[in-house]
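# Have a look; sequence and predicted model below, questions after that.
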Amino acid sequence: MHRLALCVWLAAMTSAAFAFDNGQYDNVPPDIRAWFKSVIAPNGVPCCDISDGHRTDYDVRKGSYWVPIEGQWMEVPERAIIRDRGNPVGQAVVWYVHHRGAIIISCFVPADAV
């Protein structure tokens, strides 16, 4: 399935409001754009695109990653952690959606991913 079609399908299936690239990322280098488009969750689902990922701080607590999302610290589920795609942006990136009143973390790449 085409990546854009999959993102649209995921948005419809989760009733999520995905961000869209309205030109705000025009100055992003092509290699960074390509990385964002290539990131895939461990379950094989694409994380989508540059406009969906949020650069973030993070903390490690008792071996688990935690990220601040909309003013609250949330534990990153193991199923969302991507350790094998590298990270050319120099900062952690988290992808999440709103679903039925909850925030669902779909992907997370730590700043030091290799």
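Nice, thanks for sending it over.
# dump the residue contacts of Asp68.
Asp isn't right for residue 68; it's Pro. 56-57, 74 (CB atoms under 8 Å, 6 or more residues apart in numbering). In this view, the C-beta of every residue, glycine as well, is placed from N, C-alpha and C.
# Let me know the closest of those residues to Gly63.
For these, the closest approach to Gly63 (CB to CB) belongs to Met74, at 15.8 Å.
# Ile69 contacts Val94, correct?
Yes: shown here, Ile69 and Val94 form a contact pair, counting by CB atoms under 8 Å, at 6.9 Å.
# gap between the spatially most central residue of the chain and Lys62?
Closest to where the C-alpha atoms of the chain average out (CA atoms, centre = their mean) is Trp95, at 2.3 Å. From Trp95 across to Lys62, the span is 23 Å (CB to CB, to the nearest Å).
# sorry, back to before: of Ile69 and Val94, which one has the most company?
More crowded of Ile69 and Val94, by other CB atoms under 10 Å: Val94, with 25 against 15.
# Show me what the more buried one bridges to in the sheet.
Per DSSP bridges, residues listed as beta-bridge partners of Val94: His54, Phe108.
# And for Met74?
With DSSP bridges as the rule, Met74 is bridged to Val67.
# so what pLDDT did it get?
pLDDT for Met74: 98.
# my guess is it contacts Val67, does it?
Yes: counting by CB under 8 Å, Met74 touches Val67, with 6.0 Å between them.
# Pick out whichever of these two has more residues nearby.
Per other CB under 10 Å, whichever of Met74 and Val67 has more neighbours is Val67, with 21 against 16.
# so who does that one touch?
Counting by CB under 8 Å, 6+ apart, the residues that Val67 touches are 56-59, 73-74, 76, 92, 94, 105, 108.
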